[in-house]
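# Sequence first, predicted model second:
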Amino acid sequence: VVAVAVIGLTIFAVLSSNKSTPTDETNTNQVVADKEFGVAVGLVEGVVEYAEDAKNWKTLTAETDLTEGDRVRTANDSRAVLLIDDGSAVRMSGSSEVTLTSLNTDSIVVTNNLGEVYNRVTASETREYKVIVDENTYKAKGTAYRTFNREAKKGVEVFQSSVEFVSDKTEVPEGSYYYT
């Protein structure tokens with residue numbers, strides 16, 4: 001009986017020591033995906049649509065979950081509020097269109113393709129928040145600003161703190177505007 005127990009323990013010890021463990025080579029081959037924020041719809045008034053490819057537009061509802069690359073547009077006399085998981089909000093006026101260009105946890109980028117877009121940004125030491133209008137980029141240094149992309153007016157108005165006009169590093173202070 002003792003001999004059977006010794007043999008059993010020996011077999012168990014040998015099998016346990018042969019279990020494979022992850023090697024450095026295995027760990028370096030693992031791909032870690034960039035983390036992205038999600039976007040919920042906070043408000044839809046009037047006619048608001050979204051598209052994943054800028055071609056197949058669908059009705060936007062409060063139940064729609066938006067992701068990086070999606071576009072949203074509002075009809076005349078319509079508006080929408082998009083809520084980013086970090087607490088930031090994108091408020092779109094009528095006759096506006098945005099692209100959720102990047103929702104990376106390190107860098108949120110919204111492209112204002114057309115119209116007026118108000119951005120309420122949740123402050124972060126580790127994340128950038130930018131809005132692109134045509135070829136111009138506006139980087140949030142504070143928490144509240146509106147961008148314009150209309151034929152007669154393109155630029156930014158700052159309501160709280162400041163915004164950097166990235167092209168020439170101009171800082172636009174609270175209560176000011178910068179039109180290109």
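Thanks, I have it. Numbers count the residues shown, from 1 in each chain.

# Leu66 contacts Val41, correct?
Yes: Leu66 is within contact range of Val41, at 7.2 Å (criterion: Cβ atoms under 8 Å). Heads up, the C-betas are built off the backbone N, CA and C, glycines and all.

# Find residues that contact each of the two.
With contacts taken as Cβ atoms under 8 Å, 6 or more residues apart in numbering, the residues that reach both Leu66 and Val41 are Leu82.

# phi, psi of Glu63?
Note on Glu63: its backbone torsions stand at phi -90, psi -10 [degrees, to the nearest 10].

# From Gly69, how far off is it?
19 Å (Cβ to Cβ, to the nearest Å).

# Neighbour count for these two, which is higher?
Gly69 (14 against 7; other Cβ atoms under 10 Å).

# contacting residues for the more buried one?
By Cβ under 8 Å, 6+ apart, Gly69 lies in contact with 52, 99-101.

# pLDDT weak spots in this protein?
Scanning the chain for pLDDT under 70 picks out 1-34.

# where's the residue most central in space within it, which helix or strand?
Central residue of the chain (Cα atoms, centre = their mean): Leu103, 2.1 Å from the mean position. Applying DSSP states H and E as the criterion places Leu103 in strand 97-104.

# circling back: the residue nearest to the centre of the chain is in contact with Ala40, isn't it?
No: in this structure, Leu103 is not within contact of Ala40 by Cβ under 8 Å, at 12.0 Å.

# now the residue nearest to Lys35 when sequence neighbours are not counted: how far from Ser161?
Excluding its sequence neighbours, the residue lying closest to Lys35 (Cβ to Cβ, 6 or more residues apart in numbering) is Thr105, at 4.5 Å. Here Thr105 is placed at a distance of 22 Å from Ser161 (Cβ to Cβ).

# Same question for Thr126.
The gap separating Thr126 from Ser161 is 17 Å, by Cβ to Cβ.

# what does Ser93 give?
Using Cβ to Cβ, we find Ser93 at a distance of 22 Å from Ser161.
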